[in-house]
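> Sharing a model that was predicted from the sequence below.
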Amino acid sequence: MNLLELKDFLDEKVALYNHPNFIDSDPIQIPHRYQLKEDIEISGFLVATISWGNRKMIIKNGIHFMELLGDSPYDFVMHHGERDLKKLESFVHRTFNGTDGKTFIKGLQNLYSIHGGLEAVFSQNQTDNSLQPAISQFKKAFFEISHELRTQKHISDPMQNSAAKRLNMFLRWMVRQDPAGVDLGIWKSIAPAKLSCPLDVHSGNVARKLGLLTRKQNDAKALVELDTQLRLLDPNDPVKYDFALFGLGVFEGF
């Protein structure tokens, strides 16, 4: 396929999968439950953090995580006590455990108390064409608090050559202005054009089959290559093609 044919093909897949029906089968359903901006972004961040493995288990554990926060994530983050944090000790999703959960709550409290919140940290560190340096700076701010070294592995750093799939997915949820209403688009201080595709095994394999990606590893260098191609297809909304790549890989076995 030439570039125009590829764009037409992927645009059809975007229209198919970037649909409200997608919400019910995806972890994005959890931040969709809230109305308060801070509840949406905190629940989205926490659910995105545990978004690896079986999708049904991610959703189940994400819902359980929110229940442990009293279904009021922002209020819990800002006003929790040690007794409240003790509720999180039993939480586990793969290698993310209760110690990590308590650290994440304290890290979020620090972000909202000292740095102006999640949106402020990312928007203040964005560059002209990328949010990858902002993700790296976010990690530094997040772990200003006392924490166990093991917890750092749950936040990726593009400056260490990570594709940072889960954080790029979270940013898509928060930033992308979605006419279909799947992505929430509650952050207005970052242009969707700066978003990067959440690159994982599925999207990477499909991108290679379509000639959008040549690098074999799913790392930060591959992400730059894929972003460059997707921005040729739609410079204003490049990550809408995540729906096409993901749908082709997961639902169609492309």
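Happy to help now that I have it. The model shown is predicted, which means the values in this text are computed figures rather than measured ones. Residues are numbered from 1 along each chain as shown.
> Can you check the pLDDT for Asn2?
Reported pLDDT at Asn2 in the predicted model: 88.
> To clarify, my last question referred to Phe254.
At Phe254, the model reports a pLDDT of 86.
> For Pro192, give me its contacts.
Shown in contact with Pro192 (C-beta atoms under 8 Å, 6 or more residues apart in numbering): 175-177, 185, 236-239. Every C-beta, even on glycine, is put in place using the N, C-alpha and C of the backbone.
> mind checking pLDDT for it?
Looking at Pro192, its pLDDT stands at 98.
> which ones are touching the closest residue to it other than its chain neighbours?
Spatially, and ignoring its direct neighbours in sequence, Pro192 is nearest to Arg176 (4.9 Å; C-beta to C-beta, 6 or more residues apart in numbering). Contact analysis of Arg176 by C-beta under 8 Å, 6+ apart lists 183, 185, 192, 195, 237, 239-240.
> same thing but at 7 Å, please
If you count contacts by C-beta atoms under 7 Å, 6 or more residues apart in numbering, Arg176 has them with 183, 185, 192, 195, 237, 239.
> ok, the first one touching Trp173?
Yes - proximity of Asp183 to Trp173 meets the contact threshold set by C-beta atoms under 7 Å, at 5.4 Å.
> tell me the contacts of Thr151?
Per C-beta under 7 Å, 6+ apart, neighbours of Thr151: 99-100, 103.
> Would you quantify the distance from it to Leu69?
Separation of Thr151 from Leu69 (C-beta to C-beta, to the nearest Å) stands at 18 Å.
> Can I have the buried ones of the contacts of Pro192 as a PyMOL selection?
In PyMOL, the members of those classed as buried (16 or more other C-beta atoms under 10 Å) are selected with the following command:
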select buried, resi 175+176+185+237+238+239
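> Looking at the contacts of Pro192, which one is closest to Gln124?
Val175 (14.3 Å; C-beta to C-beta).
> For that closest one, give me its contacts.
Val175 is in contact with 185, 187, 190, 192, 195, counting by C-beta under 7 Å, 6+ apart.
> Switch the residues you listed over to a markdown table; also include distance to Thr95 and secondary structure.
Output for the contacts of Val175, formatted as a markdown table (distance: C-beta to C-beta, whole Å; DSSP: H, G, I helix; E, B strand; the rest coil):
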| residue | distance to Thr95 | secondary structure |
| --- | --- | --- |
| Gly185 | 31 | coil |
| Trp187 | 29 | coil |
| Ile190 | 30 | coil |
| Pro192 | 32 | helix |
| Leu195 | 27 | coil |
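> List just the nearest of these to Gln137.
Nearest to Gln137 among those, counting by C-beta to C-beta, is Ile190 at 13.6 Å.
> Okay then, goodbye and thanks.
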